[in-house]
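**Q** I would like to see how this sequence folds:
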Amino acid sequence: MKKTILASAIAAATFSGAALAQESNLPTVYGNIQYALSYENFDEGPSEVDHFDNGSTLGVAHSHEIAPGITGFFKMELEGINADDKAKSSGIDKLDEAYIGVKGDSFGQVWVGSDDSTYESAIEVIGNFYEVGGYNLAGGYDTGEGDLIQYMSPSFGGLKLAAAVQVNGDSKEGGKSYPYQLAAIYSVDALELAFAMDSNDGKLKYSSNGLDDSGAQDLSGNNENTYGLRATYNLDNLSLTAQFQTRKDVEDKFGLMGVYTLGKNQFALSYERSEADGDLNALKAGDQDVKDIVTIQALHNLSDNMYVYVEGYFAGGDQVHQWDSNGDDKITDADFATDEKTLAAVGAVYYF
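**A** Predicted coordinates:
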């Protein structure tokens, strides 16, 4: 899960460090260790305490001037460290981001590789904000973060246009495909408006009967477009965000979030809700059609390189929260479900 404060801090350090390192042509190395302790409870079900690595990463970035006004850049960020458990950790074993690109004041930026997608960057503010995450309602879109060619235009009077295409070759699951995303972001004074769409063409299961092996509706078999809208208004110490996402025959999602900063402290509160489309309900017996979640956060910056936080997640819905009640290490329709579950988490992050 993307951590907004951490990502912003690393980005600032990366680009400032890259500028300082240009004369010696040395790359910027950055990283972080993230620990969290959580308590999860299912209403009328089990409870669990867990201590875990919440996404520790190690990265390297570099940029250089190709010609006056034109800059080449690259970034590679690795994770999978499992810093909480030495016995189970095999070191860095997972890629988070890796891309190269070129940018200039006159033509914008184009980059290739694995990165947050155009749609995600434009719309998914609430789902990417919190530290522990996993409860928050991510958008109903299929195009992932790999094999991407992305473009962001320069600002035209506050308007930026963006596009992405995912190049899936013959060897990819589902066969050859070229799903794409489009976005427009307009900023004026304290207000930012964003619109984006995802073609959801990356999997070709929609060409069959749309059902998975168990006979249930397969969401990845629907290639209807996903559309998203977001508005963010930034006051001196208060940021307000509203976002809406929809995909025909799948679901509608909306969310509201407020973030207030006070010195070294940050406080956040959000509400999210998703409703499954009526057509989907008819296809899947006992469909879980409504989910909602309230999330709160209190965060304190101990220094320029370290912060601590407390988060609470209060999730509801129509029998949407399942656990492994039959002991087969899988969560299926055969397992018990409840209307409510909660999660409380405390954590600490050190980054450089």
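
**Q** quick check, central residue of the chain?
**A** When Cα atoms, centre = their mean is applied to the chain, the residue found nearest the centroid is N128 (4.4 Å).

**Q** from what I see, T241 and L269 are in contact.
**A** No: if you go by Cβ atoms under 8 Å, T241 and L269 don't touch, sitting 11.2 Å apart. Bear in mind the C-beta positions are built from the backbone N, C-alpha and C, glycine included.

**Q** identify the contacts common to those two.
**A** Counting by Cβ atoms under 8 Å, 6 or more residues apart in numbering, the contacts common to T241 and L269 are 257-258.

**Q** neighbour count for those two, which is higher?
**A** T241 (19 against 13; other Cβ atoms under 10 Å).

**Q** so what's the more buried one up against?
**A** 125-126, 230-233, 255-259.

**Q** which ones among those map onto strands?
**A** Using DSSP state E, the subset of the contacts of T241 located in strands is 230-233, 255-259.

**Q** got a winner among these for most neighbours?
**A** In terms of neighbour count, G255 stands highest of these at 25 neighbours, by other Cβ under 10 Å.

**Q** for it, give me its contacts.
**A** G255 touches 126-127, 137, 241-243, 270-273, counting by Cβ under 8 Å, 6+ apart.

**Q** any quick ChimeraX command for the buried ones out of the residues you listed?
**A** Provided next is the ChimeraX selection string for whichever of the contacts of G255 are buried by 16 or more other Cβ atoms under 10 Å:
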select :126,127,137,241,243,270,272,273
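
**Q** so among the contacts of G255, where is pLDDT lowest?
**A** In terms of pLDDT, the weakest of the contacts of G255 is L137, which scores 83.

**Q** list phi and psi for that one.
**A** phi -90, psi 100 (degrees, to the nearest 10).

**Q** how about it, nearest residue that isn't a chain neighbour?
**A** Closest residue to L137 in three dimensions, ignoring its sequence neighbours and counting by Cβ to Cβ, 6 or more residues apart in numbering: E272, at 4.6 Å.

**Q** tell me how far the residue nearest to N41 when sequence neighbours are not counted lies from K341.
**A** Of all residues not flanking N41 in the chain, S47 sits nearest, at 4.4 Å (Cβ to Cβ, 6+ apart). Relative to K341, S47 is positioned 10 Å away (Cβ to Cβ, to the nearest Å).

**Q** do N222 as well
**A** From N222 to K341 the distance is 27 Å (Cβ to Cβ).

**Q** swap in V112?
**A** For V112, the distance to K341 - Cβ to Cβ - is 40 Å.

**Q** quick one: which of those two has more around it?
**A** A count of neighbours by other Cβ under 10 Å puts K341 above the other of V112 and K341, at 24 against 15.

**Q** quick check: the more buried one touching A315?
**A** Yes: counting by Cβ under 8 Å, K341 does reach A315; the two are 5.2 Å apart.

**Q** any idea of the mean pLDDT in the helix or strand that contains V294?
**A** Using DSSP states H and E, V294 sits in strand 290-303. Taken as a whole, strand 290-303 carries a mean pLDDT of 94.

**Q** what about the helix or strand following that strand, distance to the chain center?
**A** Downstream of strand 290-303, the first helix or strand assigned by DSSP H and E is strand 306-317. Centre-to-centre, strand 306-317 and its host chain are 16 Å apart (Cα atoms, centre = their mean, to the nearest Å).

**Q** could you point out which element follows strand 306-317?
**A** Trace forward from strand 306-317 with DSSP H and E and the next one is strand 321-322.

**Q** what pairs with that following strand, parallel or antiparallel?
**A** strand 337-338 (antiparallel) (DSSP bridges).

**Q** my read: I123 touches S117, true?
**A** No: using Cβ under 8 Å, I123 is not in contact with S117, being 10.0 Å away.

**Q** ok, now how distant is K103 from G113?
**A** Applying Cβ to Cβ to K103 and G113 gives a distance of 14 Å.

**Q** nope, M76 is what I was after
**A** 9 Å.

**Q** could you pull out the residues contacting both of the two?
**A** With Cβ under 8 Å, 6+ apart, M76 and G113 have common neighbours 97-98.

**Q** helices and strands of the chain: which one bottoms out on pLDDT?
**A** helix 278-283 (a mean of 46; mean pLDDT, DSSP states H and E).
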